[in-house]
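>>> here is the input, now give the coordinates:
(2 chains)
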Amino acid sequence: AQSVTQLGSHVSVSEGALVLLRCNYSSSVPPYLFWYVQYPNQGLQLLLKYTSAATLVKGINGFEAEFKKSETSFHLTKPSAHMSDAAEYFCAVKPYSGGYNKLIFGAGTRLAVHP
Amino acid sequence: EAQVTQNPRYLITVTGKKLTVTCSQNMNHEYMSWYRQDPGLGLRQIYYSMNVEVTDKGDVPEGYKVSRKEKRNFPLILESPSPNQTSLYFCASSFRQGGTEAFFGQGTRLTVV
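The predicted structure follows:
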């Protein structure tokens, strides 16, 4: 079965520091990959997506992610954290076996940003 | 404005009392689905619908029903809610093409006592 693993349920960084949130997927066929962000009491908002074009994907709010097929990874980064980045982040895949419709989510990583 | 609208946002109910959570989208999306979010488990799919009158079970369908009589609406029905269905629920919609992202509603926080 397809799965998504997010390493670290909680990540804490200082304001201005690098943000790195890790995501690994299991899929024999390269899937479509997404990162979503959830702010408190809100729904999920798309940060960025990989759809087999460029392997380095730029998203909103200064975030980017790199698709590495050899490592089955899609880690999310941001060079300099802002206080407003504090939220929960979800990595998700649309595997070929689901007809590329079903989203499978990781467990989420809660990002804390401290002054 | 493109959006997915869920109602209600918050609901407290008693065990066994039937309830419906509504979901409506205005983007003409074919694909709609329901997820529940629980701490440490991420979002898990309950049911999905590929189009009008076409629905199927997701990963955690027990205790839930859905219907898709119109393209824009996809209500979630709990015929006899139990405390283990206390959770945060999200409705999502997307086009059927695989590379398209899903749009999510604001969520419904359900508490069953």
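>>> what's the local residue count around residue 47?
Reading this off chain A. Per other C-beta atoms under 10 Å in any protein chain shown, the neighbour tally for A:L47 reads 23. Using the backbone N, CA and C atoms, a C-beta is placed for each residue, glycine as well.
>>> please refer instead to chain B.
Using other C-beta under 10 Å, B:Y47 has 23 other residues around it.
>>> and it, bridged to which residues?
Using DSSP bridges, the beta-bridge partners of B:Y47 come out as B:W34, B:K57.
>>> what distance do you get for A:I104 to B:S87?
When distance is defined by C-beta to C-beta, to the nearest Å, A:I104 is 18 Å away from B:S87.
>>> compare these two and say which is more crowded by neighbours.
In this view A:I104 and B:S87 are compared by other C-beta under 10 Å, and A:I104 has more residues nearby, 24 against 20.
>>> the more buried one bridge partners, please.
Beta-bridge partners for A:I104, by DSSP bridges, are A:V93.
>>> just checking, it touches A:A92?
Yes - under the criterion of C-beta atoms under 8 Å, A:I104 lies in contact with A:A92, with a separation of 6.3 Å.
>>> what is in contact with these two at once?
A:V4 (C-beta atoms under 8 Å, 6 or more residues apart in numbering or on different chains).
>>> how about A:S84, secondary structure?
Taken by DSSP: H, G, I helix; E, B strand; the rest coil, the conformation at A:S84 corresponds to helix.
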